[in-house]
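Participant: I'd like to go over a predicted model; first the sequence, then the structure.
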Amino acid sequence: MSKFSIYFATDIHGSERCFLKFLNAGKAYGVDAVILGGDVTGKALVPVVEQAGGTYLVNMFGKQELAADASELDEHEKRIRTLGFYPYRTTPDEHARMAADESYLSSVFDEVMRSATERWVDIADTRLKQAGLPCLVMPGNDDIPVVKDVLAQGRWLVQGEDHVVELGPYQVACLGYSTVTPWSSPRELTEDEMAVRLDALIEQIEPGKPVIFNIHNPPAESGTDLAFKLTEDMRIETAGGEPVKVPVGSHAVRRAIETVQPVLSLHGHIHESRAMSAIGRTKVCNPGSLYPDGTLQGVIITLDRDKVKGFKFVSG
């Protein structure tokens, strides 16, 4: 049988609900393989501070809520994980230290993120192996460098960044960095640096075998790179009461697609730019992201040799 189907999702940003949905999606949709694009981990630590009498004070978005018992504490921590943050049980003394010492807070956050990602990798290895589903995953621009090392510990899932990985009858070229953003995320490159990384990746491609790109940053002027335009004070610019969108994709990524003309090019990074478009013979896709709602946005793509035969955007 020549047809091969993929479920692709990206930018879950630490949302445990979205991650668990991703693990179930491949079997639910009956695909042959699953790919999780970049920006896997969360962005913030939420202190859960122990109080007298076994209660806990949850500090979130400047608002404090009291968890009076174990059941309430579990609900708070579940909600925190759904939103893509990391609950951290701590004492009043350590909480005060984290507030006063930024370097200590950073070290705690990094360790909690590492531990949470290791747990995810273990869950994925077990569930995806049981389902017999090949899985590619890579870090994105918002993932700190150590995340790549943790993902590489997977026994079943495959960390793909900087590699061309075999997936069924295809070879998938993976890169999770982005070009420069207004937020100074951990893994950003200039356009020239992006071109160098892409050239090194393309050199690994085996001639004569169909190619899929899995590149976190979407290509410029592709319809998959439309982001909200920001004012100087980082507010969303509007016109006629509607938010203004502008293309912010990478020109180096677009040139790589034009040069190689892969069958399919998978992207993320711009959450509000859910679209399927084309650059030459290449179908270019960004499934978007609604992770703060606990909603997993994805796309099912059916391929037949060197063609995309069909696709369907799905949410759950």
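Facilitator: Okay, I see it.
Participant: right, and the helix or strand after whichever strand or helix holds residue 79?
Facilitator: Element membership for residue 79 (DSSP states H and E) is helix 70-82. Sequence-wise, the next helix or strand downstream of helix 70-82 (DSSP H and E) is strand 86-90.
Participant: which residues touch that following strand?
Facilitator: For strand 86-90, the external contacting residues (Cβ atoms under 8 Å, 6 or more residues apart in numbering) are 14, 42, 44-50, 56, 58, 76-77, 80-81, 98, 108-109, 112-113, 116. Any C-beta I mention is one placed from the backbone N, CA and C, and that applies to glycine too.
Participant: For it, what does the pLDDT average out to?
Facilitator: Mean pLDDT, strand 86-90: 95.
Participant: Okay, buried residues for it please.
Facilitator: 86, 87, 88, 90 (16 or more other Cβ atoms under 10 Å).
Participant: ok, of the residues you listed, which one's closest to residue 6?
Facilitator: residue 86 (29.6 Å; Cβ to Cβ).
Participant: show me where pLDDT drops low in this structure?
Facilitator: The chain contains residues with pLDDT under 70 at 1.
Participant: Relative to residue 66, how far out is the residue located most distally from the centre of it?
Facilitator: Distance from the C-alpha centroid of the chain peaks at residue 53, with 39.5 Å (Cα atoms, centre = their mean). Plainly put, residue 53 is 11 Å away from residue 66 if you go by Cβ to Cβ, to the nearest Å.
Participant: ranges for the helices of the protein?
Facilitator: 16-29, 70-82, 92-100, 102-131, 146-151, 191-202, 251-260 (DSSP state H).
Participant: now those helices in a markdown table, with mean neighbour count?
Facilitator: Shown next, in a markdown table, are the helices of the chain (neighbours: other Cβ atoms under 10 Å):
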| stretch | mean neighbour count |
| --- | --- |
| helix 16-29 | 20 |
| helix 70-82 | 16 |
| helix 92-100 | 14 |
| helix 102-131 | 16 |
| helix 146-151 | 20 |
| helix 191-202 | 16 |
| helix 251-260 | 19 |
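Participant: would you list these in CSV and tack on distance to residue 312?
Facilitator: Shown next, in CSV, are the helices of the chain (distance: least, Cβ to Cβ, whole Å):
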stretch, distance to residue 312
helix 16-29, 9
helix 70-82, 25
helix 92-100, 45
helix 102-131, 20
helix 146-151, 27
helix 191-202, 28
helix 251-260, 22
